[in-house]
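Enquirer: Curious how this folds, go ahead:
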Amino acid sequence: MRVLRALLASAVLVAALATGIAVAGPARAAGEPARRTMVISLPGLTWADVERHSLPNLEALLEQSALADLAPRGVSPRSGPGDAYLTISAGSRATTERTTDGQVLALEEHSSGSAAGEIFTRRTGLTPDGAYVSLSWPSLLRRNARQPYDAVLGLLAETLRDAGIPIAAIGNADGTDTIGASFERQVGLVAADRDGVVADGALRDDLLVADAAHPFGVRLDQARVLDEVRSRWHGPDDRQVLVVEASDLARTMRYRSAVDAGRYNVLWANALAEADDLVGRLLAEVDLERDAVLVLAPYNLPGDRDLTAIGLAGPGVRPGYLRSASTQRSGFLTLVDVGPTILSQLGVPRPLGMEGRPAEVVADGASLEARVDRLVSLNAASRFRERLLVPTTAAAVISMALLLAVAVVLHVSGRAWPWRRWLGFGALTVLALLPWSYLARGFPLQDLGIGFYWAFTTLGAAVTAAVAVLLGRRLDRPRLPLVLILALMVLVLVGDVTTGSRLSLSAAFGYSPTGNSRLYGISNYSYGQLAAAASLLAAFLVDARPDRRGRAGAVALLVAVLVVLGVPKWGSDVGGVLAFTPAILVFASVLWRWRVRLRTVLVAGVATAAAIAAFGFLDLARPPEERAHLGRLFERVGDEGVGPLFSIMERKLLANLRVSTSSLWVVAIPLALAFWLYLTRGPRRPMQRLWSAHPTLRAGLACATVGAVLGSLVNDSGAIVGGVASLVLAGSLLVLLLTDATAPADAGDPAEAAP
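Expert: Below is the predicted model:
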């Protein structure tokens with residue numbers, strides 16, 4: 001048990017040493033509280049639109065703004081109008097009823113023969129005391145109550161009201177070519193309170209004028225919109241939030257299915273030009289020395305996975321980029337950050353019920369053109385990654401499956417030995433493909449196309465494998481090529497995550513702003529690789545030096561990996577810590593041949609809880625705007641009890657089940673199990689020879705297996721973690737099978753087997 005105590009002490013010591021690095025961060029420019037905040041909603045706007053179209057008024061604003069790519073996701077990866085505005089309202093991921101969420105009507109407006117106020121009272125039992133009501137509010141509450149995100153609809157308006165700051169919404173995206181009314185006033189949801197009542201706004205159809213050249217034959221009356229803005233902006237309320245939607249953009253997006261691509265492009269260009277004109281008129285009413293302006297595209301076209309545009313200007317805001325604790329990356333925000341950002345600009349504290357975090361400004365001296373070009377490139381890289389994920393996964397899994405199948409067939413037939421070098425080289429190449437999928441992000445390959453990417457990564461992996469094999473032959477170390485590839489896997493992931501995770505962003509097995517809710521730390525794909533590779537390397541270290549120092553070095557290696565996984569500034573992988581802490585204890589148990597008893601299990605549980613607590617409090621020690629998701633969870637648990645913890649567990653379980661049945665990585669698990677059965681039960685029991693050649697291999701395999709199984713259970717990527725680890729383990733065992741003295745008895749002199 002002294003070893004266990006030493007293990008825990010080492011983890012605490014290394015975490016303490018890392019605290020200085022974890023807490024330190026780049027200086028961020030902080031904005032001064034604004035008097036008022038105007039939110040200009042430009043649905044569908046991307047940075048590519050800003051780059052391609054002439055939008056002088058918008059560009060003049062953006063020139064003095066901090067900018068970011070916005071991931072417009074709510075509960076689903078891509079929000080529609082209702083999801084988007086509800087997510088802003090809640091400051092947490094929300095969903096909607098898409099067929100009815102636009103029914104935000106004035107009390108006296110009629111729907112289905114009744115006044116909206118009467119309908120609302122019948123449905124809610126409440127007498128509305130505002131100007132507008134959301135008729136679908138009861139169904140929206142029900143739908144979000146079934147989600148594991150604890151979204152409090154209307155929290156933004158309620159928080160502002162408690163601070164004495166009114167919020168109003170102006171816009172109307174109504175329009176239809178069919179018989180019957182079409183209510184598309186989702187923008188009103190952003191100003192609704194927790195009862196579904198909008199205290200103030202201008203959402204009626206009197207904002208529209210007939211115009212046959214526009215989608216659905218109507219357009220915004222900009223003069224009327226401006227009158228509504230002026231009556232509030234220059235009214236008696238010195239502090240306020242005004243949300244103005246350029247609704248013609250929303251109408252044009254809905255019209256896309258009714259026209260061909262050429263006509264749509266013309267309509268979209270016209271809508272952008274008119275929206276830019278509206279922006280110019282609105283900015284004439286604003287004093288950026290005292291007022292904040294947040295311009296954003298809260299949602300995009302249905303099915304379009306491009307990131308959208310967001311920019312912030314106002315008191316104390318210098319030109320540059322936006323980031324938040326949610327993204328931990330300069331130039332990226334998520335939709336849940338918009339509500340907290342609105343509050344932050346007015347100096348209003350964020351309520352605990354908001355999942356998002358306020359945007360911070362990272363000053364940058366680059367021109368607007370350079371910043372927009374960077375944001376366009378970041379979006380392109382993210383989209384490129386989405387196109388790479390499935391084929392790269394297929395290439396790795398199918399290639400390894402073929403190698404395993406050929407090796408087993410030839411080994412059974414007695415003809416495997418003459419082919420061992422080629423099969424081993426193939427397995428090393430597939431393993432090297434994993435770190436090369438990250439190294440490729442160091443080059444602008446998305447500009448050259450998928451074909452060049454494949455050529456680059458495949459060639460890089462093959463050259464790496466060839467160099468490793470040549471070194472192994474020259475030094476007469478048959479196992480050295482595998483050790484080098486596994487070491488490369490660990491070094492690339494650890495080196496990347498401790499220097500800002502630049503390679504992991506938009507890497508095939510990293511994370512993507514268009515597809516992932518977390519953009520920092522160790523991804524679940526990366527954890528599977530790191531856990532398996534580090535476990536095997538630790539076993540080989542003890543194998544090479546089977547004394548006390550060798551064992552201590554192996555445990556220290558695994559503890560160092562655990563620290564990298566847990567430190568908030570680095571891995572920030574809560575699931576990885578939960579899975580890898582007991583895996584290290586299993587490694588020590590097998591290595592020292594301890595009997596597994598109830599006390600051992602309790603010690604593992606205590607050690608895991610201690611590791612999570614240590615990293616959680618380490619995260620809490622950072623400034624609130626820098627905290628990662630574990631620190632933010634500790635915040636909420638400390639203030640709200642265990643409810644948020646159970647919500648996150650439910651969310652991860654649901655995501656786990658969904659992903660575990662849809663990813664090709666799951667196929668790697670039965671492949672690895674089948675190969676394991678062959679090694680342990682097949683002719684001549686090849687695994688017995690491997691046990692003899694590598695006595696400590698049991699400890700490494702046990703550690704990797706526990707880390708993979710637990711990682712699959714506690715992470716929201718489910719069996720993907722186990723699939724990635726299975727591929728690394730199966731490939732490594734195949735290389736060992738083909739490079740050690742494991743030839744069939746009739747295959748000739750084993751002494752000739754060493755490469």
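Enquirer: So for the strand or helix carrying residue 722, mean pLDDT?
Expert: Per DSSP states H and E, residue 722 falls inside helix 719-739. Mean pLDDT, helix 719-739: 92.
Enquirer: packing partners for it?
Expert: On a contact count with 3 or more C-beta pairs under 8 Å, 6 or more residues apart in numbering; DSSP states H and E, helix 719-739 meets helix 368-413, helix 420-439, helix 480-497, helix 524-544, helix 643-660, helix 668-681, helix 686-693, helix 697-714. Glycine gets a C-beta too; all of them are placed from N, C-alpha and C.
Enquirer: hey, which of those is tucked in deepest?
Expert: Highest mean neighbour count among the helices and strands packed on helix 719-739 (mean count of other C-beta atoms under 10 Å): helix 524-544, with a mean of 27.
Enquirer: Report the mean confidence score over that one.
Expert: When pLDDT is averaged along helix 524-544, the result is 94.
Enquirer: did I read that right, residue 293 in a strand?
Expert: Yes: applying DSSP: H, G, I helix; E, B strand; the rest coil, one finds residue 293 inside a strand.
Enquirer: For it, give the beta-bridge partners.
Expert: Counting by DSSP bridges, residue 293 is bridged to residue 38, residue 313.
Enquirer: Can you give me the neighbour number for it?
Expert: Using other C-beta atoms under 10 Å, residue 293 has 24 other residues around it.
Enquirer: In this structure it contacts residue 40, no?
Expert: Yes: with contacts counted by C-beta atoms under 8 Å, residue 293 reaches residue 40, the gap being 6.6 Å.
Enquirer: ok, back up a step: of all the helices and strands packed on helix 719-739, which one is nearest residue 140?
Expert: helix 643-660 (18.4 Å; C-beta to C-beta).
Enquirer: Let me see the confidence value for residue 6.
Expert: Residue-level confidence at residue 6 comes out at 44, pLDDT.
Enquirer: For residue 373, give its distance to residue 317.
Expert: Distance from residue 373 to residue 317, counting by C-beta to C-beta, to the nearest Å: 21 Å.
Enquirer: How about residue 115?
Expert: Taking C-beta to C-beta, one finds residue 115 at 44 Å from residue 317.
Enquirer: Looking at the two, which is more packed in?
Expert: residue 317 (25 against 15).
Enquirer: Can you tell me the element that one falls in?
Expert: Short version, using DSSP H and E: residue 317 is in no helix or strand.
Enquirer: mind showing which ranges of this protein have poor pLDDT?
Expert: Along the chain, the parts satisfying pLDDT under 70 run over 1-31, 415-417, 445-447, 625, 629, 632-634, 636-662, 740-755.
Enquirer: In PDB, please show the C-alpha coordinates belonging to stretch 213-227.
Expert: Written as PDB, here are the backbone C-alpha positions of stretch 213-227 (Å, rounded to 0.1, in the frame of the first residue of the first chain):
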ATOM      1  CA  ALA A 213     -39.700  41.600 -55.800                       C
ATOM      2  CA  HIS A 214     -39.000  40.300 -52.300                       C
ATOM      3  CA  PRO A 215     -39.500  36.800 -50.900                       C
ATOM      4  CA  PHE A 216     -43.100  36.100 -50.100                       C
ATOM      5  CA  GLY A 217     -44.000  39.600 -51.500                       C
ATOM      6  CA  VAL A 218     -43.100  41.500 -48.400                       C
ATOM      7  CA  ARG A 219     -40.200  43.300 -46.800                       C
ATOM      8  CA  LEU A 220     -39.300  45.300 -43.700                       C
ATOM      9  CA  ASP A 221     -40.300  48.900 -43.600                       C
ATOM     10  CA  GLN A 222     -37.000  50.300 -42.500                       C
ATOM     11  CA  ALA A 223     -38.400  53.700 -41.700                       C
ATOM     12  CA  ARG A 224     -41.000  52.100 -39.400                       C
ATOM     13  CA  VAL A 225     -38.300  49.900 -37.800                       C
ATOM     14  CA  LEU A 226     -36.200  53.000 -37.200                       C
ATOM     15  CA  ASP A 227     -39.100  54.800 -35.600                       C
END
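Enquirer: what's that stretch in contact with?
Expert: For stretch 213-227, contacts defined as C-beta atoms under 8 Å, 6 or more residues apart in numbering pick out 170-172, 174-177, 182, 202, 206-211, 244, 246-248, 251-252, 254-255, 258, 267, 270, 274, 277-278, 281-282, 285.
Enquirer: so how far is it off the chain centroid?
Expert: Counting by C-alpha atoms, centre = their mean, to the nearest Å, stretch 213-227 is centred 38 Å from the centre of its parent chain.
Enquirer: Could you pull out the buried residues of it?
Expert: 214, 215, 216, 218, 219, 220, 221, 222, 224, 225, 226 (16 or more other C-beta atoms under 10 Å).
Enquirer: List phi and psi for the third one.
Expert: Torsion angles at residue 216 (phi, psi; degrees, to the nearest 10) stand at phi 60, psi 10.
Enquirer: Can you say which of the helices and strands packed on helix 719-739 is nearest to residue 458?
Expert: helix 420-439 (7.2 Å).
Enquirer: and the closest one with helix 368-413, angle?
Expert: With axes from the mean of the first three to the mean of the last three C-alpha atoms, to 10 degrees applied, the angle from helix 420-439 to helix 368-413 works out at 160 degrees.
Enquirer: Which is the succeeding secondary structure element to helix 420-439?
Expert: Along the chain past helix 420-439, the next helix or strand (assigned with DSSP H and E) turns out to be helix 450-474.
Enquirer: can I see the domain layout of the protein?
Expert: 2-22+378-752, 36-365 (automatic domain parsing).
Enquirer: Spatially nearest residue to residue 591 (excluding sequence neighbours)?
Expert: Nearest residue to residue 591 in three dimensions, chain neighbours excluded: residue 699, at 4.5 Å (C-beta to C-beta, 6 or more residues apart in numbering).
Enquirer: My read is that that neighbour contacts residue 585, right?
Expert: No: counting by C-beta under 8 Å, residue 699 stays clear of residue 585, with 11.3 Å between them.
Enquirer: Could you check how far residue 304 is from residue 52?
Expert: Taken as C-beta to C-beta, the span from residue 304 to residue 52 is 15 Å.
Enquirer: swap that for residue 581, please
Expert: In terms of C-beta to C-beta, residue 581 sits 51 Å off from residue 52.
Enquirer: Likewise for residue 153?
Expert: 36 Å.
Enquirer: Name the residue in the two with the higher neighbour count.
Expert: More crowded of residue 153 and residue 52, by other C-beta under 10 Å: residue 153, with 27 against 12.
Enquirer: check contacts around the residue nearest to residue 724 when sequence neighbours are not counted.
Expert: Excluding the flanking residues, the one nearest residue 724 by C-beta to C-beta, 6+ apart is residue 528, at 3.0 Å. Neighbouring residues of residue 528 by C-beta under 8 Å, 6+ apart: 708, 711, 720, 721, 722, 723, 724, 725, 728.
Enquirer: quick check, nearest of those to residue 485?
Expert: residue 728 (9.6 Å).
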